[in-house]
Every structure is written in C-alpha cells, then in structure tokens.
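In: Next one to model:
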Amino acid sequence: MNKKGGFTDLFLLMIVALIIVLVSGVFIYLGGVVSDQLHDTMDDMDVGGEKNGSELIDENFGAVNVAYGGLYWISVLLIVGMIISTFIGSYLVTTKPVFFIPFIFVLIIAIVVAVGLSNAYETIITDPTLADTFAGFVGANYILANLPIWITVVGVTGAIIMFVRMGREQEGVYYG
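Out: Numbering: from 1, shown residues only. Here you go, the predicted model:
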C-alpha cells in the first residue's frame, strides 16, 4: 500500500463533512426558492396542452425537490462512511512508535480546528434564512454540532488501531 501516514485523515473528515452538509443544504434551499419562484411566475401560464403551468412545474421540478430530500440522510451516511474509512486507513498505516507523539499534537490541533468549524456551522444553521432548511439535517447537525467530541473519539480510536497493529507487524505475526 505504501501509505506512510494517516495524520491528515481527521482534517479531511472535518472539512469534507462540513462541505457535504453545506452544499446539500444549499441545494435543498435553492430547490425550494426556485420552485416557489416558478410557481409565482408560471402558475397561470397556458402551455398549450391539457395541463397548466403549475402541474408541469410540480411534475418536473417537484421531482428534483423530492430527490434533494434524500440529501438529508445521504449526508449522514457519507460522514459515517468517512469515519469508517478513517479507521480502515489507520489499520493500513505502517508506522513506528516515534510517531505517537506527533500524532497526539496533530490530534490536539484537529480538536481546536473542530471547535472553530463547529461554532461556524452553528452560526450558519441558526441564520433565519437557512434555519428551516438545515433543521432537516438531524444526524448531520448532531455530528457537526458535537464535532470536537467526534474528532476526539475518531482520532483516539484511529490511534489505537494504528499503534496496536504496529506492534504485531514488528513481531512478524500477521493475523487475518
């Protein structure tokens, strides 16, 4: 595998989780705004068939908004998948005991960064314009609101997986 370190996995987890939830929230918000605007301008429009503009909007753009509704739980599944991939990456890393101390420093820095990201996320979701949109992200809101705790647990668990495997590998005994 030639993977020499898993120190950046925690930072990738934080940043990508935040980006996934924010982009999903923007899609859902814009889908609702565009649908409302289309209804305001095209509801009474004659489109030359047996259906009016409102029915066509609901059939076509309404399906897009229904699909965007899946982003509420897809975002949580992606975050959980990234957590699992962090654990798998920790298992695959071959490291030496001397890297335990730098890993602790990286973990502390990651926790400090997680506090800032968590506070920034809470500012975004409490904005009156976006509050209704982000209220549906129940699982993602929980994870990102408690991001420092999650990063601590994932980092410590990843360190345990990484450094316990290191001892078995040095003995030349491989299980599995």
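In: What about Val26, how many residues nearby?
Out: Number of residues near Val26 (other Cβ atoms under 10 Å) recorded here: 12. Bear in mind the C-beta positions are built from the backbone N, C-alpha and C, glycine included.
In: And the pLDDT at Leu71?
Out: In the predicted model, Leu71 carries a pLDDT score of 91.
In: Actually, Met166.
Out: So Met166 comes in at 61 (pLDDT).
In: same check, this time on Gly32
Out: 89.
In: same question, the one 10 residues further on
Out: You'll see Met42 listed with a pLDDT of 76.
In: any idea how far it lies from Leu30?
Out: Distance of Met42 to Leu30, given as Cβ to Cβ, to the nearest Å: 17 Å.
In: Ile104 too?
Out: Ile104 sits 42 Å away from Leu30, going by Cβ to Cβ.
In: list the buried ones in the longest helix along the chain?
Out: For the chain, the helix reaching the highest residue count under DSSP state H is reported as helix 9-42. Using 16 or more other Cβ atoms under 10 Å as the test for burial, helix 9-42 gives 9-10, 13-14, 17-18, 20-22, 24-25, 27-29, 31, 35, 38.
In: One more: stretch 93-107?
Out: 93, 95, 99, 103, 106-107.
In: Centre of the chain to that stretch, how far?
Out: The chain centroid and the centroid of stretch 93-107 are separated by 25 Å under Cα atoms, centre = their mean, to the nearest Å.
In: Give me the mean pLDDT for that stretch.
Out: 82.
In: Let's see it as CSV, backbone CA atoms only.
Out: In CSV, the C-alpha atoms belonging to stretch 93-107 read as follows (Å, rounded to 0.1, in the frame of the first residue of the first chain):
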residue,chain,number,x,y,z
VAL,A,93,-0.8,2.6,8.0
THR,A,94,2.6,1.2,8.8
THR,A,95,4.2,3.4,11.4
LYS,A,96,6.8,3.5,14.1
PRO,A,97,6.3,4.2,17.8
VAL,A,98,8.2,7.5,17.5
PHE,A,99,5.2,9.0,15.6
PHE,A,100,2.9,8.6,18.5
ILE,A,101,3.9,12.0,20.0
PRO,A,102,3.4,13.9,16.7
PHE,A,103,0.0,12.1,16.3
ILE,A,104,-1.1,13.5,19.7
PHE,A,105,-0.1,17.0,18.6
VAL,A,106,-2.0,16.6,15.4
LEU,A,107,-5.0,15.3,17.3
